[in-house]
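Chemist: Starting from these lines, generate the structure:
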Amino acid sequence: MSTSQSVLGVQPVELRSIFDDALRYWELRRIPYNLVLVAVVVVWAVVTRSQIHWPPWGLGLALFVLAALANVLYSVAYCVDILIQRSSFGDLWRRRRWILWLAGMLLAVALANVWIIGQIN
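Modeler: Numbers count the residues shown, from 1 in each chain. Got it, this is the predicted structure:
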């Protein structure tokens, strides 16, 4: 393997372009992702008020841990995106990757709801 190629057999400039594209796409959508999850928690907090029994270590820490976990899971999209961009489906993928964002968003909302419902008596 020549020194001008990466492990994936891609020129460094092309690989940088793929990474830049992934960052540009996913990081702009991280904000609405987090806002939707915050909205889910706020709605549940208002609707159920005193029915939710938060962990003994406190609401703030619980929300911090859950937000961190949600953002780690969000970052998994990079792995999928970068691999598919490099495939022969790259052009089609760039036009349709919003489907992955939507599916991940719906999964995150479902997991947040399941966790909150589990905290209600």
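Chemist: mind listing the strands for this protein?
Modeler: Shown for the chain, no strands are assigned by DSSP state E.
Chemist: which residues in it form helices?
Modeler: Along the chain, the segments classed as helices by DSSP state H run 12-48, 59-85, 90-96, 98-119.
Chemist: how about the ones you listed in TSV, adding mean pLDDT?
Modeler: Putting those into TSV (pLDDT from 0 to 100) gives the following:
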stretch	mean pLDDT
helix 12-48	90
helix 59-85	87
helix 90-96	91
helix 98-119	91
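Chemist: can those go into JSON lines with extra columns for mean neighbour count?
Modeler: (Each C-beta comes from the backbone N, C-alpha and C, glycine too.) Putting these into JSON lines (neighbours: other Cβ atoms under 10 Å) gives the following:
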{"stretch": "helix 12-48", "mean neighbour count": "14"}
{"stretch": "helix 59-85", "mean neighbour count": "14"}
{"stretch": "helix 90-96", "mean neighbour count": "12"}
{"stretch": "helix 98-119", "mean neighbour count": "14"}
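Chemist: Look up how far residue 51 lies from the residue nearest the centre of the chain.
Modeler: Centroid-nearest residue in the chain, with Cα atoms, centre = their mean: residue 74, separated by 1.6 Å. Going from residue 74 to residue 51 by Cβ to Cβ, to the nearest Å gives 29 Å.
Chemist: And for residue 26?
Modeler: 35 Å.
Chemist: swap in residue 114?
Modeler: Applying Cβ to Cβ to residue 114 and residue 51 gives a distance of 16 Å.
Chemist: Repeat that for residue 29.
Modeler: Using Cβ to Cβ, residue 29 is found at 32 Å from residue 51.
Chemist: Residue 33 now?
Modeler: Taking Cβ to Cβ, one finds residue 33 at 27 Å from residue 51.
Chemist: now do residue 45
Modeler: In terms of Cβ to Cβ, residue 45 sits 10 Å off from residue 51.
Chemist: looking at it, residue 108 is touching residue 35, isn't it?
Modeler: No. Residue 108 is beyond contact range of residue 35, at 11.8 Å (criterion: Cβ atoms under 8 Å).
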